[in-house]
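Trainee: give me coordinates for this.
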Amino acid sequence: MRKIEYFYSAHSAFAYIGSAKLAAICAANGCVLEHHPIALSPVVEAVGGLSFAVRTRGHVNYYFGREVERWAEFRGAEILNHRPSYHDNSLDLSNGMLIAAIEQGGDVDALAHAVLQAHWRDDIDLADAATLAGVAKSVGIDPAPLLDAALTAPIQATHAANTAEAIARSVFGSPTYFVDGDMFYGQDHLEMLDRALQKPFAPHSFKNP
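Mentor: Numbering: from 1, shown residues only. Purely as a prediction, here's the structure:
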């Protein structure tokens, strides 16, 4: 079965906006998602990107405001009209819960979408265990074993390994998808990803000086 390698963080606006479309592409093409939750800031900074705190107000207002707003409307995703209140809180628990779901054989596709949606639609705190428990229950998943495992050393080692792999593969944002090793950055490339699953693009040949 074909697979899509999916690198994202649990608080990513664009991962949420593209999540339903990504699921539809997987269903239509008979492929599976291989989830790689990551710590986003180290990945962005490793390729020379600026942390959110030092970006210009104009850039923030456009890319994390107007672009979010327009793409949410285009994809039909319900979304807040402001940056989530707890957006800067730690992702260790939420990303860890998703990794635990993968390792325990849970429906991580449904859980990941629910977590992303709850953050960007319902303004939840991704560092709050009780809130995350409610999100898991909303998609029929028992949260207890996931939350018990989320912050353990093995799960957080996987979290760190995912992040290191993203850096090694020159991922520079969330979401990033790979099909047969070919990288597609951003949910705005989902239509191209869909095409790649049906008809691969010509091999990379462009040379930079």
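Trainee: for the chain, name the helix or strand with the lowest mean pLDDT.
Mentor: Least confident element among the helices and strands of the chain, by mean pLDDT, DSSP states H and E: helix 57-61 (a mean of 71).
Trainee: quick one, helices of the chain?
Mentor: If you assign secondary structure with DSSP state H, the helices in the chain sit at 13-29, 40-46, 57-61, 67-75, 92-103, 108-122, 129-138, 143-150, 153-168, 190-198.
Trainee: give me the angle between the last one and helix 13-29.
Mentor: The one in question is helix 190-198. In this structure, helix 190-198 runs at an angle of 30 degrees to helix 13-29, with axes from the mean of the first three to the mean of the last three CA atoms, to 10 degrees as the basis.
Trainee: show me which residues of helix 190-198 are buried.
Mentor: Using 16 or more other CB atoms under 10 Å as the burial criterion, the residues of helix 190-198 that qualify are 190, 193-194, 196-197. Any C-beta I mention is one placed from the backbone N, CA and C, and that applies to glycine too.
Trainee: with distance to V115 as new columns, can the residues you listed be given to me in JSON lines?
Mentor: As requested, the buried residues of helix 190-198 are arranged in JSON lines below (distance: CB to CB, whole Å):
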{"residue": "L190", "distance to V115": "19"}
{"residue": "L193", "distance to V115": "22"}
{"residue": "D194", "distance to V115": "24"}
{"residue": "A196", "distance to V115": "26"}
{"residue": "L197", "distance to V115": "25"}
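Trainee: state the pLDDT value of C31.
Mentor: Here the pLDDT value assigned to C31 is 95.
Trainee: now the helices of the chain in TSV, please, with extra columns for distance to S174.
Mentor: Rendered in TSV, the data for these read as follows (distance: least, CB to CB, whole Å):
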stretch	distance to S174
helix 13-29	5
helix 40-46	5
helix 57-61	16
helix 67-75	13
helix 92-103	11
helix 108-122	10
helix 129-138	19
helix 143-150	19
helix 153-168	9
helix 190-198	14
